[in-house]
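K.L.:
This is the structure alone, sequence omitted:
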């Protein structure tokens with residue numbers, strides 16, 4: 001009996017040892033797989049190309065030729081689960097011209113370059129970012145999403161300040177349709193020659209608050225882009241009427257030379273079985289001198305070829321432009 005017991009125990013211990021090895025290996029593999037699953041990096045972007053006939057300005061004629069209705073871009077975004085309901089995230093985005101392959105700006109990540117932390121309390125990011133409320137509020141009444149000849153960006157920010165800030169610290173809280181943003185930055189960053197920076201930039205600050213429920217939307221954005229006398233207030237709404245969505249925006253503020261400005265936008269957009277129809281009208285005025293700065297009407301249509309690729313045609317007319325009041329862009333865009 002003793003021999004049997006002695007002969008049996010080594011086999012039992014061996015079985016237990018093999019079981020522990022397999023269990024440990026399985027747990028290690030599971031933890032490794034879990035660790036990999038907790039981090040993700042996504043490559044995203046769009047390539048846009050077509051023919052563009054730009055609207056002129058008060059001092060220059062509009063350009064025309066091969067170009068793009070919306071800036072092409074490529075970017076990287078990712079998150080890492082830190083545990084306890086907290087995540088780290090980053091967003092790096094570059095803009096380029098599809099017709100030449102060249103960059104749209106000297107800086108490498110012209111679009112955005114941020115890193116931050118997020119949790120149940122919201123998120124905090126650091127780096128080059130959009131001003132508070134730009135995407136959520138200022139874009140809301142523009143069915144052309146601030147791109148191409150039909151862009152309504154001038155009527156959303158009154159040409160006061162810019163759309164991005166460098167060295168920004170941004171807090172965002174987004175829950176149950178409610179969105180709150182607070183931002184303080186080191187310097188303004190001109191997005192283009194049509195959006196000049198204030199003459200005396202200090203520390204830009206901004207805030208926005210909005211609420212969305214389906215197609216219903218209401219929001220407010222405040223921006224002080226850093227100029228001594230610069231300030232901009234903008235309100236936006238969206239109201240669904242069956243398949244049609246009506247939108248509007250109203251803004252007022254001051255430019256850095258104490259010039260008072262007022263703007264409004266009215267627009268509508270509607271999905272169709274093959275795409276999206278959109279129309280908008282914007283009016284920007286220097287109320288100090290009772291002088292019109294821009295008054296634009298735009299209409300466009302996107303024809304879907306797939307979920308990520310569409311053809312587009314946009315036509316716009318600015319009544320205030322001295323020459324080349326009409327403009328259009330037609331092309332193709334692929335999103336990935």
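P.N.:
Arrived safely. This one's a predicted model, so the numbers in the text were calculated from it and none came from an experiment.
K.L.:
after the helix-or-strand element of the chain with minimal mean pLDDT, next one along is what?
P.N.:
Every helix and strand in the chain was compared by mean pLDDT, DSSP states H and E; the lowest is helix 2-37, with a mean of 46. Sequence-wise, the next helix or strand downstream of helix 2-37 (DSSP states H and E) is strand 39-53.
K.L.:
any idea how far that next one is from the chain center?
P.N.:
13 Å (CA atoms, centre = their mean, to the nearest Å).
K.L.:
who's in contact with that strand?
P.N.:
Residues outside strand 39-53 that contact it (CB atoms under 8 Å, 6 or more residues apart in numbering) are 62-81, 93, 98-99, 148-149, 312, 324, 326-336. Placement of C-beta: from N, CA and C, glycine included.
K.L.:
in it, what's buried?
P.N.:
45-50, 52-53 (16 or more other CB atoms under 10 Å).
K.L.:
closest to residue 139 among those?
P.N.:
residue 46 (15.8 Å; CB to CB).
K.L.:
Could you report the neighbour count for the spatially closest residue to the closest one that is not a sequence neighbour?
P.N.:
Excluding its sequence neighbours, the residue lying closest to residue 46 (CB to CB, 6 or more residues apart in numbering) is residue 335, at 4.6 Å. By other CB atoms under 10 Å, 14 other residues sit near residue 335.
K.L.:
Hmm, residue 308 and residue 335 touching each other?
P.N.:
Yes. If you go by CB atoms under 8 Å, residue 335 and residue 308 touch, sitting 4.6 Å apart.
K.L.:
for residue 296, phi and psi?
P.N.:
Dihedral pair for residue 296: phi -120, psi 140, per degrees, to the nearest 10.
K.L.:
ok, the residue lying closest to it once chain neighbours are set aside to residue 154 distance?
P.N.:
Sequence neighbours aside, residue 318 is the residue nearest to residue 296 in space, at 4.6 Å (criterion: CB to CB, 6+ apart). Applying CB to CB, to the nearest Å, the value for residue 318 to residue 154 is 10 Å.
K.L.:
Which one's more surrounded, these two?
P.N.:
Taking neighbours as other CB under 10 Å, residue 318 and residue 154 compare with residue 318 leading, 25 against 20.
K.L.:
tell me the contacts of the more buried one?
P.N.:
Contacts of residue 318 by CB under 8 Å, 6+ apart are 55, 294-296, 325, 327.
K.L.:
can you rerun that using 10 Å?
P.N.:
Counting by CB atoms under 10 Å, 6 or more residues apart in numbering, residue 318 makes contact with 55-58, 62, 149, 154, 282, 292-298, 324-327.
K.L.:
Roughly how far does it sit from residue 260?
P.N.:
21 Å.
K.L.:
Residue 213 now?
P.N.:
34 Å.
K.L.:
Which one's more surrounded, the two?
P.N.:
Taking other CB under 10 Å, residue 213 and residue 260 do not tie; residue 260 has more neighbours (14 against 10).
K.L.:
Would you confirm that the more buried one contacts residue 252?
P.N.:
Yes. Using CB atoms under 10 Å, residue 260 makes contact with residue 252 at a distance of 7.5 Å.
K.L.:
Just to check, residue 155 is in contact with residue 264?
P.N.:
Yes. At 7.1 Å, residue 155 and residue 264 qualify as touching, with contact defined as CB under 10 Å.
K.L.:
out of the two, which sits in the more crowded spot?
P.N.:
Using other CB under 10 Å as the criterion, residue 155 and residue 264 rank with residue 155 on top: 29 against 17.
K.L.:
In a strand, the more buried one, correct?
P.N.:
No. With DSSP: H, G, I helix; E, B strand; the rest coil as the criterion, residue 155 is located in helix rather than a strand.
K.L.:
and the gap between it and residue 248?
P.N.:
Distance from residue 155 to residue 248, by CB to CB: 11 Å.
K.L.:
next one: residue 136
P.N.:
16 Å.
K.L.:
Just want to know which of the two has more residues nearby.
P.N.:
Per other CB under 10 Å, whichever of residue 136 and residue 248 has more neighbours is residue 136, with 22 against 17.
K.L.:
which residues does that one contact?
P.N.:
Neighbours of residue 136 in contact, by CB under 10 Å, 6+ apart: 130, 172, 174, 179-181, 208-210, 212, 217, 219, 221, 236.
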